[in-house]
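Visitor: my questions are about this predicted structure, shown below with the sequence.
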Amino acid sequence: MNLSFREKASYGVGAVGKDWIYGIVSGFILIYFNTVVGVSGTFTGILFLCARIFDAVNDPLMGIIVEKTQTKMGKFRPWLLIGTILNAVVMVAMFSVPSGLTDTQVKVYISVAYLLWGMTYTIMDIPYWSMIPAITESGKDRENISVIARSCAGVGAALAAALTTVLVGALGGSDKRVGYSRYVLIVAIFFIVAILITVANVKEKKTESKKSASIKEMLMALVSNDQALVVVVGIIIFNASLYLTQSLATYFFEFEVGNANLYSVFATVGGGAQILSMMTLPLFRKKFDCKKILFIAISTTIFGYVGFFVLSSLGIYNLVALCIMAVIIFIGFGLATVLTTIFLADTVDYGEWKNGQRNESVTFSLQTFVVKLASAISGFLAGVGLDIIKFNKDLGTSQTAGTITGLHILMTVIPMIGLVASIIFFMRKYRLTEDYLKKITTELKERNTKE
């Protein structure tokens, strides 16, 4: 079931589009709502969390809907296409908040828009990642497509980080509201084209479980998949830590360093390191198992955080030094991101072996939910944290010493605590070793042969 170059490339192109969109939201929605639209950080943070409470029901339900879908296009591609178009439209609306609205009207507008964005992103994201175990088998082919998808997703995230600040200024001049609206419209069009390429060229090749499970059976299988839940918890803690830094890095460069465009350089260097690290996973796999690589990756990221904290606390804003820390941080982040996708894909096989049901979409609905939840948690911490440290956008670079110190703690110390907690939890709880997975794969093949 080896994938052709065309299929791999087409699958990767879709990841670039969808993660460029996601990178804009995860990295810039807080600063857009806060400093452009004028909504408080606390309100925005609470909005993020409330939307995720809804997703706790919405995302698994969407996974079940995808799992039950039967069309000539398969069960993944129809929803991938529908979700992309809807999400692109909502994305443009969310970053085009009309001027002249009252404070209450603005809050209602962004609340509805953000909730709809999360819903439509779910419709698209779940079938995209669910295709991995449906078009590959456990082993090198799955690792390869995971590396390609995550590397391309890294490209999309890097484009968002590197280009957003620059292009918003170029397209809107001094009017950031106009700049964001025009910029997001361009990216949304690219997003649709990218996913169309994926839909046209990537098809599921594997016949799924012949047993038609009920909704209750699917949910019970999901809950009983203990290893999937372990991966999920690890992803939440790990991603929330990194997203917190990304959300506040824009504030750091604009209001502390005094040059928002330097964030684009910082993010480009970090994004490049992330992409390269993802591509090196096959090399690491020749010497280490996945769990050991994960430990090395997260330890590397923590080391980078320590360096960044020391530099910022000493007031050293040398761009070269900061970029070196970005490289160290994102090298670890890139490797860990690919690994979590592989781990989750492997839990699909484990779930089928344990429960007799192969529910790719339901399992990967967890990834969609937890990535958004991690973003919401980081957004909540950042939004509330900014109010606690008394950040005032009207003061520009003249923030108080206490505010600056608080920003450093929010950006680095809290994420380091989260990273340490994530690696301790995962190393203790995740038990799908390579030998264990080989045993599972062999037994599943024997079962299918008998059937």
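Guide: Sure, I can see it.
Visitor: pretty sure Gly396 sits against Val257.
Guide: No - using Cβ atoms under 8 Å, Gly396 makes no contact with Val257, being 11.9 Å away. Where you see a C-beta, it was placed from the backbone N, CA and C, and this is true even at glycine.
Visitor: so for the two, which residue has more residues nearby?
Guide: Shown here are Gly396 and Val257; by other Cβ atoms under 10 Å, Val257 has more neighbours (18 against 10).
Visitor: who's in contact with the more buried one?
Guide: For Val257, the contacting residues are Tyr317, by Cβ atoms under 8 Å, 6 or more residues apart in numbering.
Visitor: try it again with 10 Å
Guide: Counting by Cβ atoms under 10 Å, 6 or more residues apart in numbering, Val257 makes contact with 251, 263, 266, 312, 315, 317, 319, 322, 397.
Visitor: can you flag the buried ones in those residues?
Guide: Taking 16 or more other Cβ atoms under 10 Å as the criterion, what is buried in these is 251, 263, 266, 312, 317, 322.
Visitor: helix, strand, or coil at the third one?
Guide: What it means is Phe266. helix (DSSP: H, G, I helix; E, B strand; the rest coil).
Visitor: skip the chain neighbours and tell me the closest residue to it.
Guide: The shortest distance from Phe266 to any non-neighbouring residue, by Cβ to Cβ, 6 or more residues apart in numbering, is to Ala326 (5.4 Å).
Visitor: ok, that neighbour to Gly332 distance?
Guide: With distances taken as Cβ to Cβ, to the nearest Å, Ala326 is found 11 Å from Gly332.
Visitor: ok, now Leu322?
Guide: In terms of Cβ to Cβ, Leu322 sits 17 Å off from Gly332.
Visitor: repeat that for Glu254.
Guide: Distance, Glu254 to Gly332, using Cβ to Cβ: 26 Å.
Visitor: same question, Lys393
Guide: For Lys393 relative to Gly332 (Cβ to Cβ), the value is 32 Å.
Visitor: residue closest to the middle of the chain?
Guide: Centroid-nearest residue in the chain, with Cα atoms, centre = their mean: Val371, separated by 5.0 Å.
Visitor: contact partners for Ser422?
Guide: Listed by Cβ under 10 Å, 6+ apart, the contact set of Ser422 reads 233-241, 294, 298, 336.
Visitor: if we use 8 Å, what do you get?
Guide: With contact taken as Cβ under 8 Å, 6+ apart, Ser422 is in contact with 234, 237-238, 241, 298.
Visitor: what about the nearest residue to it once chain neighbours are set aside, how many neighbours?
Guide: Leaving aside its chain neighbours, Ser422 sits nearest to Ile237 (3.9 Å; criterion: Cβ to Cβ, 6+ apart). Ile237 has 21 neighbours, counted by other Cβ under 10 Å.
Visitor: go ahead and confirm Ile237 touches Val420.
Guide: No - the criterion here is Cβ under 8 Å, and Ile237 misses it with Val420 at 9.5 Å.
Visitor: tell me the secondary structure at Ser96.
Guide: What three-state DSSP gives for Ser96 is coil.
Visitor: ok, the residue nearest to it when sequence neighbours are not counted - contacts?
Guide: Computed as Cβ to Cβ, 6+ apart, the closest residue to Ser96 that is not its neighbour in sequence is Ser181, at 4.2 Å. With contacts taken as Cβ under 8 Å, 6+ apart, Ser181 has the following neighbours: 92, 95-96, 172.
Visitor: closest to Arg285 among the residues you listed?
Guide: Phe95 (39.6 Å; Cβ to Cβ).
Visitor: pull the contacting residues for the closest residue to that closest one other than its chain neighbours.
Guide: Nearest residue to Phe95 in three dimensions, chain neighbours excluded: Val184, at 4.2 Å (Cβ to Cβ, 6+ apart). Applying Cβ under 8 Å, 6+ apart, we find Val184 in contact with 24, 91-92, 95-96.
Visitor: who wins for most neighbours among the residues you listed?
Guide: Counting neighbours by other Cβ under 10 Å, Phe95 comes out on top of the contacts of Val184 with 29 neighbours.
Visitor: was I right about that residue contacting Gly179?
Guide: No - in this structure, Phe95 is not within contact of Gly179 by Cβ under 8 Å, at 9.7 Å.
Visitor: any idea how many residues pack against the residue nearest to Ser313 when sequence neighbours are not counted?
Guide: Nearest residue to Ser313, sequence neighbours excluded (Cβ to Cβ, 6+ apart): His408, at 5.7 Å. When neighbours are counted by other Cβ under 10 Å, His408 registers 20.
Visitor: and if you look at Ile195?
Guide: 26.
Visitor: what do you get for Val269?
Guide: A count of nearby residues for Val269, using other Cβ under 10 Å, gives 21.
Visitor: can you tell me the element Leu61 falls in?
Guide: If you go by DSSP states H and E, Leu61 is part of helix 41-68.
Visitor: buried sites along that helix?
Guide: 41-49, 51-52, 55, 58-67.
Visitor: check stretch 128-138 too.
Guide: Result for stretch 128-138 [16+ other Cβ under 10 Å]: buried residues 128-136, 138.
Visitor: just after the longest helix along the chain, pick out the following helix or strand.
Guide: The longest helix of the chain (DSSP state H) is helix 319-355. Next in sequence after helix 319-355, counting helices and strands by DSSP H and E, comes helix 360-388.
Visitor: ok, then the element right after that following helix?
Guide: In the C-terminal direction, the helix or strand that comes right after helix 360-388 (DSSP H and E) is helix 401-408.
Visitor: then the helix or strand following that next one to CSV, C-alphas only?
Guide: Remark: after helix 401-408, the chain's next helix or strand is helix 414-429, criterion DSSP H and E. Coordinates of each C-alpha in helix 414-429 appear next as CSV, following Å, rounded to 0.1, in the frame of the first residue of the first chain:
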residue,chain,number,x,y,z
ILE,A,414,4.9,28.5,32.5
PRO,A,415,5.5,26.7,29.2
MET,A,416,8.6,25.0,30.7
ILE,A,417,6.5,23.7,33.6
GLY,A,418,4.0,22.3,31.1
LEU,A,419,6.7,20.6,29.0
VAL,A,420,8.2,18.9,32.0
ALA,A,421,4.8,17.7,33.1
SER,A,422,4.0,16.4,29.5
ILE,A,423,7.1,14.3,29.1
ILE,A,424,6.9,12.8,32.6
PHE,A,425,3.2,11.8,32.0
PHE,A,426,3.9,10.4,28.6
MET,A,427,7.0,8.4,29.4
ARG,A,428,5.1,6.7,32.3
LYS,A,429,1.8,6.0,30.6
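Visitor: past helix 414-429, which element shows up next along the chain?
Guide: Following helix 414-429 in sequence order, the next helix or strand is helix 434-450 (DSSP H and E).
Visitor: now for that next one, which elements pack on it?
Guide: Applying 3 or more Cβ pairs under 8 Å, 6 or more residues apart in numbering; DSSP states H and E, one finds that helix 434-450 contacts helix 319-355.
Visitor: compute the inter-axis angle for the helix it packs on and helix 434-450.
Guide: Angle between the axes of helix 319-355 and helix 434-450 is 40 degrees (criterion: axes from the mean of the first three to the mean of the last three Cα atoms, to 10 degrees).
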